[in-house]
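Enquirer: pasted the sequence and its predicted model underneath.
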Amino acid sequence: MKRIALFVLLVAALTLAACAPAAPAATEVPAAEAPAVEAPAATEAPAEEPAGEPEACAAEFGCAVIAKDQTVKVGYSGPMTGDYSQFGVDMSSAMKLAVADFGDVQGFKVEMAIEDDGGGAEGGAAVANKLVSDPTFVAMAGHAFSGATAAAMPIYEQAGVPMMSPSATNPDLTTKGSAVFNRNAFTDTEQGKGAAKYLFETLGVKKLAFMHDGTDYGQGLAKVVEETFVGLGGESVAFEAVTPGESDYSAPLAAVAAKKPEALYFGGYNAEAAVIVNQMAQAGLTGVTFFGGDGIYGKDFLSKVGDNGEGVYAATLVPPGTDSIVKFNAAYLAAYGTEAGVLSAYTWNSYDAVGALIQAINSVAIVQGDTLYIPRGALVEAVRMMKDYQGIAGVITCQETGECNASGPVFYIIKDGNWVAAE
């Protein structure tokens, strides 16, 4: 019995052992986990932080930023359509030649941004507002006419865009304290005083009549000549206005003829001047010397007046026959099929304005990576401080007021159907 009982107990114990759950397998306790670190590939350099703008861009007006696929824009604004479109076409054409010759700023191309302002104040302001909204626009080679220029100046002033006008000659433009307006044309004050002295001292005129087109340019220029002429001891016998664009000025000419002047000075442009010259004989002004400002000089005037133009005087800023003038004239003719100076008197000055601005842009531009930075404030100062830039029409050296023409006016006379330097 004892043996049987012992056997039964043994079987029961084995049965219980077989039915009990197995003990969990021993597990490894992980060590404290360190952050995973990837070893840098042997062939890869650490990524560089993108470079910021140059320090110069922290100055007033900041920087124009030109990406590698963009161009540096220099503006021109003048009348491209309408009665005075020959000025805009001629001046912008000359500027394109300057870009072809000088249009690289440290590997970035220059592009002309050419706009039509109609020659008036409203158009001038509209163009200025349009251009300053373009971040790649950095300088203005204009505007062409004085009225448009005066309206646009405050807009460029606020944006920090320097100007170099080849033709806006109204004396008041540089008396407004503008930091951005400059011109490489001589002023109406300079040419007006020079014309008055030439008339009084060289030609011996004592009685002088005046006509003008009523514009800021034309009327302002005539007034300077009148004041200087009277100051020299001459007599002003008439001061008549004409309406631009008309084809008959017989009434104001008759009023002038009644005063029996020895010479007639006209402030205005070639279209109106041509009408006046062609009607002088029938108005009783035969033998009266006609003297005009720089707005009439050019071959277009010659074609309009024909033989009636013999003995007519005009002011211009182009020195006759220099090597650089001859070379430019050949390039202009080859490019456009028209001789330089046919459409306006500002062909050569326009070329110089763009060349001078591009030189100034190059002097301040900074290349960083694939980007060109042009500090606007530094550019304004570089243009104003320009010295001894040798253009084809003369030397450009800017005074504190923005007067940059260092060559002054030259007087021409029509002889045998051509403009020649007057003695």
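Expert: Structure received.
Enquirer: quick one: the most centrally placed residue in the chain from residue 358, how far?
Expert: What sits nearest the mean C-alpha location of the chain, by CA atoms, centre = their mean, is residue 141, with 1.3 Å. If you measure residue 141 against residue 358 using CB to CB, to the nearest Å, the figure is 10 Å. C-beta: built from backbone N, CA, C; applies to glycine.
Enquirer: and what of residue 325?
Expert: Distance of residue 325 to residue 358, given as CB to CB: 20 Å.
Enquirer: so which of these two has more stuff around it?
Expert: More crowded of residue 325 and residue 358, by other CB atoms under 10 Å: residue 358, with 22 against 18.
Enquirer: just the CA atoms of the helix or strand encompassing the more buried one, as PDB, please.
Expert: Here residue 358 sits within helix 347-364, counting by DSSP states H and E. What follows is helix 347-364 as a C-alpha-only set of coordinates in PDB (Å, rounded to 0.1, in the frame of the first residue of the first chain):
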ATOM      1  CA  THR A 347      22.100 112.000 -80.500                       C
ATOM      2  CA  TRP A 348      25.700 112.300 -79.100                       C
ATOM      3  CA  ASN A 349      24.700 113.500 -75.700                       C
ATOM      4  CA  SER A 350      22.400 110.500 -75.300                       C
ATOM      5  CA  TYR A 351      25.200 108.100 -76.100                       C
ATOM      6  CA  ASP A 352      27.300 109.800 -73.500                       C
ATOM      7  CA  ALA A 353      24.600 109.800 -70.800                       C
ATOM      8  CA  VAL A 354      24.300 106.000 -70.900                       C
ATOM      9  CA  GLY A 355      28.000 105.400 -71.100                       C
ATOM     10  CA  ALA A 356      28.600 107.600 -68.000                       C
ATOM     11  CA  LEU A 357      25.800 105.800 -66.000                       C
ATOM     12  CA  ILE A 358      27.200 102.400 -66.800                       C
ATOM     13  CA  GLN A 359      30.600 103.500 -65.700                       C
ATOM     14  CA  ALA A 360      29.100 104.700 -62.400                       C
ATOM     15  CA  ILE A 361      27.100 101.400 -61.900                       C
ATOM     16  CA  ASN A 362      30.300  99.400 -62.400                       C
ATOM     17  CA  SER A 363      32.100 101.500 -59.800                       C
ATOM     18  CA  VAL A 364      29.700 100.400 -57.000                       C
END
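Enquirer: what sits against residue 173?
Expert: 146, 149, 150, 153, 165, 181, 183, 402 (CB atoms under 8 Å, 6 or more residues apart in numbering).
Enquirer: residue 60 now?
Expert: Applying CB under 8 Å, 6+ apart to residue 60 gives the contacts 160, 376, 377.
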